[in-house]
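Trainee: give me the fold of what follows.
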Amino acid sequence: MKQLIIGIMSDTHDHVDNTLKAIDVFIERKVERIIHLGDIISPFIPRFIKRKLDEKNYNVDLVTVLGNNDGDVYLLSKIYSEYGWILLSNPSIIEIENKKFYIMHGFNGVDFTEKIAKALLEKLDVNGVLYGHTHRLKKEYFNNKLLLNPGEVCGYLTGKSTIAILDTDTLTVEIIEL
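Mentor: Reported below is the predicted structural model:
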């Protein structure tokens, strides 16, 4: 089985500087795919991401699941389509190198989202559940399955801007503070 290194982020909330710092780290770490777990907010954020990737001559797929605060979904969809990226309107199971991950933003409050994420991990035939919404960093393993919230890129609620690097072969995760 091939090992892939995946960059995972969430809750950028239009924070351009931190978003671009995250992209710089992903490029430096040579991630082969980026997963954004929602709350991009404005369509200009994917444009900034694309510009940064082009400046560094770095080609990478971006898969995003919409969050509860994402604004102009029509324009976001158009931009993602133009770049050949994937924008998911609903939580979904994605497969990466024979590993399945349920990706979602979140629902209602922090406790509810965390309970839903853990229940999904227990019930679904997946290797991991990746979620955002709570802005809280969480990395846990249950029965060799990964439960991960990379925290928030924006840093607005916790004062920390964090992202995650996932090795799909071993399911190990490195948390990086920007």
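
Trainee: so how far is the one helix or strand Tyr102 maps to from its chain's centroid?
Mentor: Assigned by DSSP states H and E, Tyr102 belongs to strand 99-104. Centroid separation for strand 99-104 versus its chain: 11 Å, with Cα atoms, centre = their mean, to the nearest Å.

Trainee: do you know the pLDDT at the residue nearest the centre of the chain?
Mentor: Nearest to the centroid of the C-alpha atoms of the chain, with distances taken as Cα atoms, centre = their mean, sits His36, at 2.8 Å. On the pLDDT scale, His36 is placed at 98.

Trainee: report the distance from stretch 119-131 to the chain centre.
Mentor: That offset, for stretch 119-131, works out to 15 Å (Cα atoms, centre = their mean).

Trainee: pretty sure Val126 is touching Phe101, no?
Mentor: Yes: the pair formed by Val126 and Phe101 meets the contact definition of Cβ atoms under 8 Å, at 6.1 Å. Where C-beta positions appear, they are placed from N, C-alpha and C, glycine not excepted.

Trainee: what residue ranges in this structure score low on pLDDT?
Mentor: 1-2 (pLDDT under 70).

Trainee: mind doing that once more with 90?
Mentor: For the chain, the stretches with pLDDT under 90 are 1-4, 71, 97.

Trainee: which residues in it form strands?
Mentor: 5-9, 33-36, 61-65, 86-88, 92-96, 99-104, 128-131, 137-142, 145-150, 162-167, 172-177 (DSSP state E).

Trainee: could you look over those strands and pick the most buried one?
Mentor: Across the strands of the chain, averaging neighbours per residue (mean count of other Cβ atoms under 10 Å) puts strand 128-131 on top, at a mean of 26.

Trainee: list the helices and strands it packs on?
Mentor: strand 99-104, helix 110-123, strand 145-150 (3 or more Cβ pairs under 8 Å, 6 or more residues apart in numbering; DSSP states H and E).

Trainee: tell me the angle the first one makes with helix 110-123.
Mentor: The reference is to strand 99-104. 160 degrees (axes from the mean of the first three to the mean of the last three Cα atoms, to 10 degrees).

Trainee: give the pairing partners of strand 99-104; include direction for each.
Mentor: strand 92-96 (antiparallel), strand 128-131 (parallel) (DSSP bridges).
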